[in-house]
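K.L.:
here is my input, please return the structure:
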Amino acid sequence: MSGPLNILYVSSEVVPFVKTGGLADVSEALPRALRAQVHDVRVALPCYGTIPEALKGERSGPCSARVNGDTRFAAWRTSKLPDSDIPVYLIEHDQYFWRDHPYGAGNMEYPDNLERFCFFCLAVLDFIPQTGWVPDVIHCHDWHTAPIPAYIKTRFVDHPFWGGIPTVFTIHNLAYQGRFASSLLPKTGLGWELFSPKYLEFYGDINLMKGGVIFASKLNTVSKTYAKEIQTDLAGNGLEGVLRTRATDLIGIQNGVDLGVWNPVTDRRIAATYSADDLAGKTACKPALQKLAQLPVREVPVYGVVSRLVWDKGIPLLVSTLEQMLKEDIQLILLGSGDASFEGALRKTAQAFPDKLSVTIGYDEDLAHQIYAGCDFYLMPSRTEPCGLSQMYSMLYGTVPIVHHTGGLADTVTDATAKNLSNDTATGFAFRTWTDRAFLNAFKRAQRTYREAETLAKLRRNGMRQDFSWSSSAKQYVQLFREAMAAP
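P.N.:
Okay, the predicted model is just below:
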């Protein structure tokens, strides 16, 4: 088949309906990019209680799912991605989804998450035939939708509608696998014959991510380097052996950036717009950010961080080196939330350095845009990073990233070595060992560069001229969909 495809895109979060991380951004931008290439893409997600009423659309009909011997009923609603013709289907079930957070309270996941997301997956498979629209491929994302490939290959293998439909499973972060006690297997709607090391069993537990990896027609991760890393003991999180058995079906496709949202030329959230050819607006964004962060307006290097405050984002490295960095004549502006111990440590340091460190716990989209625009450098010391969007945002806004050379960071940031600077490919600073010393050395390189106006300007321009659009990535996904259709 060479024409437009019908693509069912199933995700646990989508901007602007719900967002806890980068998955939501991808799940909004990729469907738009696929639609721009004339494919008929339709999105399905849970109808969480936190979704604004105006986005929920109209209730379209009933749906149900049979698990653990019981049939449970829900409704499906039809909405659209704002300013598009892309349908968004929402599964409405108050007991499962009318909660304050998509996944858990505080740092604890809801104890019935396996049941919630298996119900969601089965409900999607129940209502889609009611629409009269037939997908050519189902695109699933992370463990929350991983049961769908398993259902298609087992429970629905002879289904008149779903039998033979190919699935593509995208791994955004292998660290989160959907691991649950074996006693909960009946709540998945899958048979006990699948509870074996060949399928869902994982050290005595159920592993939904493993099921997605085994049963999907094709697999991908969100960067080429991460696709290689997860097949090793270092980053495989116990699934490296399973992933190696699917190596010929696994590729890396780098995430893109929604340039309709993240573009300093048109961004109305920042103090002044600007481009790579005219950075005057960026110069104006810096004092505006300093005022917003309640820091003195001074001509010093300003560093930014917008991040979940968790281990894999490298926050331990940031916390352990922060006071040493703040001894320099700099300012640092941080926005994020996560582990309470990290939040407390950052607040305490901010109290000790009130003129140098601004910490905002939480998430504020306007402030995030202003940090990317107003800072000179962006800190991203992630321990692991499947793809990362922040480093791409920062480069597009002329803010030079300092990153750990891993995953998507290795694929997108070119280190400012003498050679890379001379051939105009350098876009940031990368450190290869995840240690305080290596991180601080990269920081010191940035400090020296700040005093070299011509080199700093070159790094800014190089970063701003990178092509991080979704167009190329969307074409790669379409090719992967076609390969899945050829061998479902």
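K.L.:
confidence score at the residue sitting furthest away from the middle of the chain?
P.N.:
Centroid-distance maximum for the chain: Gly69 at 35.1 Å, with CA atoms, centre = their mean. pLDDT for Gly69: 84.
K.L.:
Provide the secondary structure category for the nearest residue to it once chain neighbours are set aside.
P.N.:
Of all residues not flanking Gly69 in the chain, Pro186 sits nearest, at 7.3 Å (CB to CB, 6 or more residues apart in numbering). Every residue, glycine included, has its C-beta placed from N, CA and C. Here Pro186 is helix, with the state taken from DSSP: H, G, I helix; E, B strand; the rest coil.
K.L.:
now Leu194, nearest residue through space, not along the chain?
P.N.:
Nearest to Leu194 is Leu200, by CB to CB, 6+ apart, at 5.0 Å.
K.L.:
for that neighbour, what are its contacts?
P.N.:
Neighbouring residues of Leu200 by CB atoms under 8 Å, 6 or more residues apart in numbering: 150, 185, 190, 194, 206-208, 210-211.
K.L.:
the same query, at a cut-off of 7 Å, please.
P.N.:
When contacts are counted by CB atoms under 7 Å, 6 or more residues apart in numbering, Leu200 touches 194, 206-207, 210-211.
K.L.:
thinking again about what came up before, surely the residue nearest to Gly69 meets Asn68?
P.N.:
Yes. Under the criterion of CB atoms under 7 Å, Pro186 makes contact with Asn68 at 4.5 Å.
K.L.:
could you point out which element follows whichever helix in the chain runs longest?
P.N.:
Criterion DSSP state H: the longest helix present in the chain is helix 113-131. Counting by DSSP states H and E, the element after helix 113-131 in chain order, helix or strand, is strand 137-141.
K.L.:
now that following strand and helix 113-131, what's the angle there?
P.N.:
Regarding strand 137-141 and helix 113-131, their directions subtend 160 degrees when assessed with axes from the mean of the first three to the mean of the last three CA atoms, to 10 degrees.
K.L.:
so what strands line up beside strand 137-141?
P.N.:
For strand 137-141, the paired strands and their directions (DSSP bridges) are strand 6-10 (parallel), strand 167-171 (parallel).
K.L.:
tell me which residues in it are buried?
P.N.:
Residues of strand 137-141 classed as buried: 137-141 (neighbour count, 16 or more other CB atoms under 10 Å).
K.L.:
domain assignment for the chain?
P.N.:
What automatic domain parsing lists as the domains of the chain is 6-256+470-486, 280-464.
K.L.:
residue contacts, the closest residue to Thr232 other than its chain neighbours?
P.N.:
Spatial nearest neighbour of Thr232, excluding adjacent residues (CB to CB, 6+ apart): Glu240 at 5.8 Å. Contact partners of Glu240, counting by CB under 7 Å, 6+ apart, are 230-233.
K.L.:
run the last query once more with 6 Å
P.N.:
With contact set as CB atoms under 6 Å, 6 or more residues apart in numbering, Glu240 has these partners: 231-233.
K.L.:
same check on Cys375?
P.N.:
The neighbours of Cys375, taking CB under 6 Å, 6+ apart as the test, are 302, 304, 399.
K.L.:
and it, how far from Gly304?
P.N.:
To Gly304, Cys375 is 4 Å away according to CB to CB, to the nearest Å.
K.L.:
what do you get for Leu250?
P.N.:
The spacing between Leu250 and Gly304, counted by CB to CB, is 34 Å.
K.L.:
state the helix or strand in which Gly420 lies.
P.N.:
That one is not Gly; residue 420 is Asn. Element membership for Asn420, per DSSP H and E: helix 418-422.
K.L.:
what do you get for Leu379?
P.N.:
Counting by DSSP H and E, Leu379 is found in strand 377-380.
K.L.:
so for that strand, mean pLDDT?
P.N.:
98.
K.L.:
could you do stretch 178-198 as well?
P.N.:
On average, the pLDDT along stretch 178-198 is 96.
K.L.:
stretch 390-400 now?
P.N.:
For stretch 390-400, mean pLDDT rounds to 98.
K.L.:
my guess is Thr221 meets Leu250, correct?
P.N.:
No. Taking contacts as CB atoms under 6 Å, Thr221 lies outside contact range of Leu250: 7.3 Å.
K.L.:
re the thing from before, could you redo the contacts of Glu240 as JSON lines and give each row pLDDT?
P.N.:
Converted to JSON lines, those look like this (pLDDT from 0 to 100):
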{"residue": "Gln231", "pLDDT": "97"}
{"residue": "Thr232", "pLDDT": "96"}
{"residue": "Asp233", "pLDDT": "93"}
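K.L.:
whichever of these end up buried, select them in ChimeraX.
P.N.:
Here is the ChimeraX selection string for the buried members of the contacts of Glu240, based on 16+ other CB under 10 Å:
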select :231
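K.L.:
for the contacts of Glu240, please prepare a markdown table with the additional fields distance to Phe120.
P.N.:
Shown next, in a markdown table, are the contacts of Glu240 (distance: CB to CB, whole Å):
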| residue | distance to Phe120 |
| --- | --- |
| Gln231 | 29 |
| Thr232 | 32 |
| Asp233 | 33 |
